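J.: Task: produce atomic coordinates for the following.
(chains A and B)
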Amino acid sequence: MFRKKRLFTILIGIIILVVLIGYSLRDRTNLTTGEQFVSDIIGMVQNVISTPVKYVTNIFENIDDIRNTYDENQLLREKLAQYKGLIYEVQELKEENKELRDIVDKADTIRSYNPIHATVTARSPERWIDQVTINKGSLAGVKENMAVITAEGMVGKIQSVSKLTSTVQLLTGFDEFNRISATISRKDGNDIFGLIEEYDEETNSLFLRIIEESDKDLKEGELVVSSGMGGVFPAGLPIGTVKEVVPDQYGLTRTALVEPAANMYDINNVIVVDRVLEGEEEGEEE
Amino acid sequence: MRHIFLPLILLFLVVLEGVALDILPSSLIDGNILITPHWVLMFLVLIAMFYDSRNSYHSIIYAVFSGLLIDIAYTGILGVYMFTYAVVIYIIHELRNLLHSNIYSSLLFGIIGLTIAELIINLIYYVVGIMDSIWIDYLMERLLPSILANSIFLLIIYPLFAKRLDKWKNSKIK
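T.: Numbers count the residues shown, from 1 in each chain, chains lettered A, B, ... in the order given. Take a look at the predicted model:
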């Protein structure tokens, strides 16, 4: 009798497991109310806890930084001298751009976006799932599929949103269902377009499949940015640098290995990118 | 009052797992070694060993709920941790009568529980298609460091909670 009961419980458990997994792997757009409620509560506690923890870990990082300060200082001073000229140039260009825009009466481009600043409060302990939690949710205007960037470059996109928190899927967790249309800028309209397809664990890089090639070959160290053609992300977000170019298995197209610009393991403050110009409904996700 | 402590501690541990990877230096996470914190599971093992009596199954109920919390908060795939934690704690609950409850046996049960949990979780993820790595790599890169890190955690919380859980159990009976 007791044996039977035990077997019964285990079977029911497995059925519940399968149902729940099936439910959550379905292509769903929104979290259920219960999930939102739970993640909001956990998010609140995380806010409280992550602040002191971050403070302590920052102290250790700072000690590490101080040791490198002198070398960095020398380097930065040299760069600063170069930037002074650059700033002047950029300002001139910006003004000119604005004037020209006014002339053609076109204010918003796919480059412009509203930034929503957020702090990372938690990272998923499950390492197969590259996901972090940030402390801004739908109340702050965060929506699904928005791009998430740091100062260095793109880190991922918003996966799910609740009222006060939202989860970010990192670039390292991108698979064939999350493609980003990307471009490598060249002179005279010879830009190279491609699709960021997936993250490869072995080489620690993103695969950029080159759709349209320019006459010149790709070089190592070239900057890959988002092209804004997918309809969701704005243009010009830096994604990474080209590490290597390899032909694909049929030799027809070539694939560039792109090293992400941002460090995926050391993220504290992020900006959620709210594109001004609305794209089509189905965008980056095909 | 006593019975509110355990859920609160478990909730606190669930939250703490989210910042656990920040505490470790990023050079360690950056590399190929994968450490997964299973602190909730470690505490659940202690509950199963010290708080439950032979015929009470509080630890399994706690395992179901804290597993569900982890699923919602950190993975978005419901049921995986919930099922795994419940099964593991059930096994520990059955096994614990074989040995006296002391620090060595809880360390042993902790390691057994962790191994079973990691295997079940990764089996499910493998079936679902989230994980695709070769199992031998997986063993070296993930299981061993995880067992080491979580055993250290168990050794830290053992002196804090073992006696206390026993005390709470006795006051529960009264």
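J.: In chain B, mark out all the helices, start to finish.
T.: B:2-23, B:26-30, B:39-46, B:58-70, B:80-95, B:103-128, B:135-138, B:144-173 (DSSP state H).
J.: what pLDDT does the residue in the stretch 1-150 of chain A positioned nearest to chain B get?
T.: Using Cβ to the nearest Cβ, A:Ala122 is the residue of the stretch 1-150 of chain A that sits closest to chain B, at 2.7 Å. The way it works is simple: take the backbone N, C-alpha and C, and place the C-beta from them, glycine included. With respect to pLDDT, A:Ala122 has a value of 83.
J.: for chain B, which spans come out with low pLDDT?
T.: The model of chain B has pLDDT under 70 over residues B:1-2, B:24-33, B:130-140, B:172-174.
J.: cool, the stretch 151-286 of chain A as well?
T.: Using pLDDT under 70, the flagged stretches of the stretch 151-286 of chain A are A:175-177, A:187-190, A:211-217, A:251, A:277-286.
J.: what does it have sitting close to chain B?
T.: A:Gln159, A:Ser160, A:Thr167, A:Glu201, A:Asn263, A:Tyr265, A:Asp266 (Cβ under 8 Å from any Cβ of the partner chain).
J.: and which of the residues you listed is nearest to A:Lys219?
T.: A:Lys219 lies nearest to A:Asn263 out of these, by Cβ to Cβ, at 23.2 Å.
J.: ok so the closest one is a strand residue?
T.: No. Looking at A:Asn263 with DSSP: H, G, I helix; E, B strand; the rest coil, it is coil, so not inside a strand.
J.: Any chance of the backbone angles for it?
T.: Per-residue torsions, A:Asn263: phi -80, psi 120 (degrees, to the nearest 10).
J.: Please tell me how far it sits from A:Ala256.
T.: Distance of A:Asn263 to A:Ala256, given as Cβ to Cβ, to the nearest Å: 20 Å.
J.: now do A:Thr172
T.: Distance from A:Thr172 to A:Ala256, by Cβ to Cβ: 17 Å.
J.: Which of these two has more residues huddled nearby?
T.: For A:Thr172 versus A:Ala256, the count of surrounding residues by other Cβ atoms under 10 Å in any protein chain shown is larger for A:Ala256: 26 against 17.
J.: Assess the claim that the more buried one and A:Leu208 are in contact.
T.: Yes. Here A:Ala256 reaches A:Leu208: they are 4.3 Å apart, a contact under Cβ atoms under 8 Å.
J.: Now do the shared contacts for those two.
T.: Listed contacts common to A:Ala256 and A:Leu208 are A:Gly194, A:Val224, A:Val242; contacts here mean Cβ atoms under 8 Å, 6 or more residues apart in numbering or on different chains.
J.: Including neighbour count and secondary structure, could the residues you listed go into a markdown table?
T.: What follows is these, written out as a markdown table (neighbours: other Cβ atoms under 10 Å in any protein chain shown; DSSP: H, G, I helix; E, B strand; the rest coil):
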| residue | neighbour count | secondary structure |
| --- | --- | --- |
| A:Gly194 | 25 | strand |
| A:Val224 | 28 | strand |
| A:Val242 | 20 | strand |
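J.: which one of those residues is nearest A:Val276?
T.: Ranked by distance to A:Val276 (Cβ to Cβ), these are led by A:Val224 at 22.8 Å.
J.: Next, the contact list for A:Gly240, please.
T.: With contact taken as Cβ under 8 Å, 6+ apart, A:Gly240 is in contact with A:Gly153, A:Ser205, A:Leu206, A:Leu223, A:Val224, A:Val258, A:Glu259, A:Pro260, A:Ala261.
J.: do that again at 6 Å, thanks
T.: A:Val224, A:Val258, A:Glu259, A:Pro260, A:Ala261 (Cβ atoms under 6 Å, 6 or more residues apart in numbering or on different chains).
J.: Just the buried residues of the one helix or strand it maps to, please?
T.: Assigned by DSSP states H and E, A:Gly240 belongs to strand A:238-247. Buried residues in strand A:238-247, defined by neighbour count with 16 or more other Cβ atoms under 10 Å in any protein chain shown: A:Pro238, A:Ile239, A:Gly240, A:Thr241, A:Val242, A:Val245.
J.: Distance from the chain centre to that strand, please.
T.: 16 Å (Cα atoms, centre = their mean, to the nearest Å).
J.: and the closest residue to A:Thr172 other than its chain neighbours, how many residues sit next to it?
T.: Nearest residue to A:Thr172, sequence neighbours excluded (Cβ to Cβ, 6 or more residues apart in numbering or on different chains): A:Asp130, at 4.5 Å. Burial measure for A:Asp130: 20 neighbouring residues, criterion other Cβ under 10 Å.
J.: For A:Asp130, give its distance to A:Val48.
T.: 25 Å.
J.: Is there a neighbour count for residue 54? I'd like the number.
T.: I'll assume chain A. Around A:Lys54 there are 18 residues (other Cβ under 10 Å).
J.: The chain in question should be chain B.
T.: 7.
J.: Relative to chain A, how far out is the closest residue to it other than its chain neighbours?
T.: Distances taken as Cβ to Cβ, 6+ apart place B:Asn97 nearest to B:Arg54, at 7.1 Å, with adjacent residues excluded. Using Cβ to the nearest Cβ, to the nearest Å, B:Asn97 is found at 16 Å from chain A.
J.: hang on, the earlier thing: so what strands line up beside the strand holding A:Gly240?
T.: Looking at strand A:238-247 with DSSP bridges, its partner strands are strand A:223-226 (antiparallel), strand A:254-260 (antiparallel).
J.: is it possible to export those to TSV including distance to B:Asn122?
T.: What follows is the strands paired with strand A:238-247, written out as TSV (distance: least, Cβ to Cβ, whole Å):
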stretch	distance to B:Asn122
strand A:223-226	33
strand A:254-260	25
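J.: what residue lies at the spatial centre of chain B?
T.: B:Leu41 (1.1 Å; Cα atoms, centre = their mean).
J.: oh, I was asking about chain A
T.: A:Gly156 (1.8 Å).
J.: Just give me the neighbour total for the nearest residue to it once chain neighbours are set aside.
T.: The shortest distance from A:Gly156 to any non-neighbouring residue, by Cβ to Cβ, 6+ apart, is to A:Leu170 (4.2 Å). Counted by other Cβ under 10 Å, the residues lying close to A:Leu170 total 24.
J.: do the same with B:Tyr74
T.: B:Tyr74 is flanked by 24 other residues according to other Cβ under 10 Å.
J.: what do you get for A:Glu222?
T.: When neighbours are counted by other Cβ under 10 Å, A:Glu222 comes out with 16.
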